[in-house]
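Participant: Quick one: sequence and predicted model below, then my questions.
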Amino acid sequence: MFSNLGLKLIALSRAQKKALMLLADFILIPLALWGAWALRLGELWPTHLASSILLFPLLVFGSMIFFVRLGLYRAVIHFMGIKAIRTIALGVCVSSWLLFSLAFILRIESFPRSVPFIYSLLLFICVGGSRWTVRTLYHHLRFKQHAKHPVIIYGAGEAGFQLAKSLIAGEDFFPSAFLDDDKALHNCIVHDIKVYPPEQLASVIAITKAKRVLLAVPSATQEERKKILDKLDGHSLRVQTIPSLEAIVSDKARLNQLQDVAVEDLLGRDPVPPREELFSACIKEKNVLVTGAGGSIGSELCRQIVRAKPNVLVLYELTELALYTIDQELHELLKELDSASIQVIPVLGSVCDRQRLNEVFIKYDINTVYHAAAYKHVPLVEGNVFQGIKNNIFGTKILAESAEQAGVKNFVLISTDKAVRPTNVMGATKRTAELILQAMAAKESKTVFSMVRFGNVLGSSGSVVPLFKKQIASGGPLTVTHKDITRYFMTIPEAAQLVIQAGAMGIGGDVFVLDMGSSVKVLDMARRMVWLSGKTIKDAEHPNGDIEISVVGLRPGEKLYEELLVGDNVQQTKHPKIMQAHEVFLSLNVLEEKLSKFALLEVENDCLAARNMLQEIVSGFTPNSPIVDSLYNPTKEVA
């Protein structure tokens, strides 16, 4: 019955609600005056009250005129905050002053001078309390009506407070508890919500039945966010976050726009801001070419190159859709940056097409090349040996020779950690590409050839992260190739920034290695992604869990762990995240002699002989699987 009455009140029109507030104050003002007089004299029907009856209607009408003028009836009660309370306090003070004035004007005998003060206190309690009661009733009934889901907010600061207010006014979630690392806030009440220490998370979940945690720490660093996620680890809570402080300040996002936690938060890496002198050295007011411009790394390089203001940026890409996508995106970015003077030229082409490359270099007078085009997916290259050799090795050789012939100043190869002591064809072809550039640099070329080696980037094509997200969305299982497999991870923007800066430090034949931090166990990453999505892991100990993690075995050519250096001969550069390796290489003559044999082997599709040749070229190449190329016919060799 009480709930039904409350719902009927909520359903009233705005005009009807105003009329009810006026009626309530019409009753509460004389009631407060009678209460003040009675409390002061200690009598239920105080002396001289009957002779002062005129005071009551005058005070009511006078006070309500002031209340209307102050806007007390314009406030929406369920949004009532500090400003509304201040308005009520001001209205009460005016009403108290009016009471004192009327008592003086009407010459009321034996009017206690303390009555206006008692009256003001009672009126504030009556008027403010009535509105606060209605506000509380409204939110209680709305919570029940919409079955709002309880959530825990991590961070009881200003952002957390504002988020709680926003959620209370919304229809989906109800903030049931705060967590905060600040010991001074523990057990305090913020916006009627208790603040708990993170160590009590298990008991908070049991009390609130919450299945979601919202991170309200927009100014936290990546390292700080990782520490928070470590505390939430294993609780099967879906973790979401409010936008970054930068996005909120720049009006790119609102505080209540919840986002899923980015996987990069699991790494705890705080990117080092780029050094302007390195970042712009090979780009600003220069003509730049990016191969593989539509790929994960290539497209991010293009975005950052545009921000460094080149004269011309040539997008060289083999895949039509990828080229169209990045071209459209960059033109939109140019409008945002108000940089219409920058020419962005999309060119369809293969890095194996020498004639087309020569035409591009001559027409656009290229100064800097970032070579990101490559076949990088280990199992696919393992199954297409000669395509990997042709694209990764000979594509790099043809591109480098064309660049040198055209007088390009800087040439930067995007390499991989899989080039170090490779166990697969992809890694061996990338190391061979490095050897080509080292050999060309050794003959005192006018082009500065350098290469930048790093591990996996989050979100790239072939990365485990998008795969895991897709598998979680479909209910699993998550497929991990080995329980002990580890990988280095870095965000795509950070990798692209460091590639550009490393390339600016090259003097010829340099092998730069990016600081990837600590390697990450892929199984642990899979578990965390399941937990952060609010699901539980299904295994022998937890047969009723939501998502299973299946260990499927290493794929052809896959390593348990990756390395970034061939040896220990490494030195620090002037950038804290970039190191320089010194590694042995073959002379150009020896290298070309060996490379020349691949053409004949390709005619016979002799994948085994081609892989053996790669072993001769690349020191430490140890294949760990049989030939899996679908077009390879081993019976030909036997015959």
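Facilitator: Nice, thanks for sending it over.

Participant: Run through the helices of the stretch 251-400 of the chain in chain order.
Facilitator: 276-279, 296-307, 320-337, 354-364, 378-382, 385-388, 395-405 (DSSP state H, counting those that start in this stretch).

Participant: what sits up against the first one?
Facilitator: Which is helix 276-279. 304, 308, 497, 500, 501, 504, 505, 575 (Cβ atoms under 8 Å, 6 or more residues apart in numbering). C-beta here means a position set from N, CA and C on the backbone, and glycine is covered the same way.

Participant: how does it look with 10 Å?
Facilitator: 273, 284, 304-305, 307-308, 497-498, 500-505, 573-575, 578 (Cβ atoms under 10 Å, 6 or more residues apart in numbering).

Participant: In it, which residues are buried?
Facilitator: Going by neighbour count (16 or more other Cβ atoms under 10 Å), the buried part of helix 276-279 is 278, 279.

Participant: And for the fifth one?
Facilitator: Taking 16+ other Cβ under 10 Å as the neighbour-count basis, helix 378-382 is seen to contain the buried residues 378, 379, 381, 382.

Participant: with these in mind, which one is nearest to residue 478?
Facilitator: residue 379 (17.7 Å; Cβ to Cβ).

Participant: hang on, the closest one packs against residue 558?
Facilitator: Yes - Residue 379 is in contact with residue 558 according to Cβ atoms under 10 Å; the separation is 7.5 Å.

Participant: which residues do these two both contact?
Facilitator: 424, 625.

Participant: what about residue 153, which SS state?
Facilitator: strand (DSSP: H, G, I helix; E, B strand; the rest coil).

Participant: Just list the residues touching residue 409, thanks.
Facilitator: Applying Cβ under 10 Å, 6+ apart, the residues near residue 409 are 282, 286, 366, 367, 368, 369, 403, 446, 447, 448.

Participant: Could you export the helices of the stretch 251-400 of the chain as TSV, including mean pLDDT and distance to residue 421?
Facilitator: Formatted as TSV, the helices of the stretch 251-400 of the chain follow (pLDDT from 0 to 100; distance: least, Cβ to Cβ, whole Å):
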stretch	mean pLDDT	distance to residue 421
helix 276-279	90	30
helix 296-307	95	22
helix 320-337	95	31
helix 354-364	97	32
helix 378-382	93	14
helix 385-388	96	18
helix 395-405	97	20
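
Participant: Now tabulate those helices in a markdown table and tack on distance to residue 626.
Facilitator: Compiled in a markdown table, the helices of the stretch 251-400 of the chain are given as follows (distance: least, Cβ to Cβ, whole Å):
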| stretch | distance to residue 626 |
| --- | --- |
| helix 276-279 | 45 |
| helix 296-307 | 30 |
| helix 320-337 | 33 |
| helix 354-364 | 34 |
| helix 378-382 | 10 |
| helix 385-388 | 12 |
| helix 395-405 | 26 |
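
Participant: Make sure residue 465 is indeed in a strand.
Facilitator: No - counting by three-state DSSP, residue 465 is not part of a strand but helix.

Participant: Check what pLDDT it gets.
Facilitator: Looking at residue 465, its pLDDT stands at 79.

Participant: where does the stretch 51-200 of the chain dip in pLDDT?
Facilitator: 51, 72-83, 109-110, 135-147 (pLDDT under 70).

Participant: Of the helices of the stretch 251-400 of the chain, which is nearest residue 539?
Facilitator: Using Cβ to Cβ, the helices of the stretch 251-400 of the chain put helix 378-382 closest to residue 539, at 26.5 Å.

Participant: got a list of contacts for that closest one?
Facilitator: 374-375, 387-389, 391-392, 416, 418, 422-430, 462, 555-559, 607, 611, 623, 625-629.

Participant: so of these, which ones are in helices?
Facilitator: In helices, defined here by DSSP state H, the members of the contacts of helix 378-382 are 387, 388, 425, 426, 427, 428, 429, 430, 607, 611.

Participant: Export the residues you listed to TSV and append columns for distance to residue 617 and neighbour count.
Facilitator: As requested, the ones in helices among the contacts of helix 378-382 are exported to TSV (distance: Cβ to Cβ, whole Å; neighbours: other Cβ atoms under 10 Å):
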residue	distance to residue 617	neighbour count
387	18	15
388	14	27
425	12	33
426	14	26
427	12	28
428	8	29
429	10	30
430	12	31
607	16	24
611	11	20
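
Participant: ok, of these, which one's closest to residue 582?
Facilitator: Out of the ones in helices among the contacts of helix 378-382, the member with the shortest distance to residue 582 (by Cβ to Cβ) is residue 430, at 18.4 Å.

Participant: Could you give the number of residues near the residue lying closest to the closest one once chain neighbours are set aside?
Facilitator: Distance criterion Cβ to Cβ, 6 or more residues apart in numbering; nearest residue to residue 430, sequence neighbours excluded, is residue 419 at 4.2 Å. The local packing of residue 419 (other Cβ atoms under 10 Å) involves 28 other residues.

Participant: Residue 579 bridge partners, please.
Facilitator: Residue 579 has these beta-bridge partners by DSSP bridges: residue 513, residue 572.

Participant: Just the pLDDT at it, thanks.
Facilitator: The per-residue pLDDT of residue 579 was computed as 90.

Participant: same check, this time on residue 508
Facilitator: Confidence score, pLDDT, at residue 508: 89.

Participant: Could I get the contacting residues of the closest residue to residue 322 other than its chain neighbours?
Facilitator: Nearest residue to residue 322, sequence neighbours excluded (Cβ to Cβ, 6+ apart): residue 294, at 2.6 Å. Residue 294 makes contacts with 302, 315-327, 329, 346, 372-373, as judged by Cβ under 10 Å, 6+ apart.

Participant: And those, which of them are buried?
Facilitator: 302, 315-318, 322-323, 326-327, 329, 346, 372-373.

Participant: residues near residue 438, how many?
Facilitator: 23.

Participant: Tell me the pLDDT of the nearest residue to it once chain neighbours are set aside.
Facilitator: Leaving out its chain neighbours, the residue that sits closest to residue 438 by Cβ to Cβ, 6+ apart is residue 585, at 4.0 Å. Looking at residue 585, its pLDDT is 87.

Participant: Can you name the helix or strand that residue 585 falls in?
Facilitator: Using DSSP states H and E, residue 585 maps to neither a helix nor a strand.

Participant: pLDDT below threshold where in the stretch 351-500 of the chain?
Facilitator: Checking the stretch 351-500 of the chain against pLDDT under 70 turns up 459-462.

Participant: show me where it has strands.
Facilitator: For the stretch 351-500 of the chain, the strands defined by DSSP state E, counting those that start in this stretch cover 368-371, 410-414, 448-453, 456-458, 478-480, 486-487, 489-491.

Participant: what about those, which gets the closest to residue 538?
Facilitator: Going by Cβ to Cβ, the one of the strands of the stretch 351-500 of the chain nearest residue 538 is strand 478-480, 10.3 Å.

Participant: Give me the helices and strands touching that closest one, please.
Facilitator: helix 464-473, helix 522-532, strand 547-551 (3 or more Cβ pairs under 10 Å, 6 or more residues apart in numbering; DSSP states H and E).
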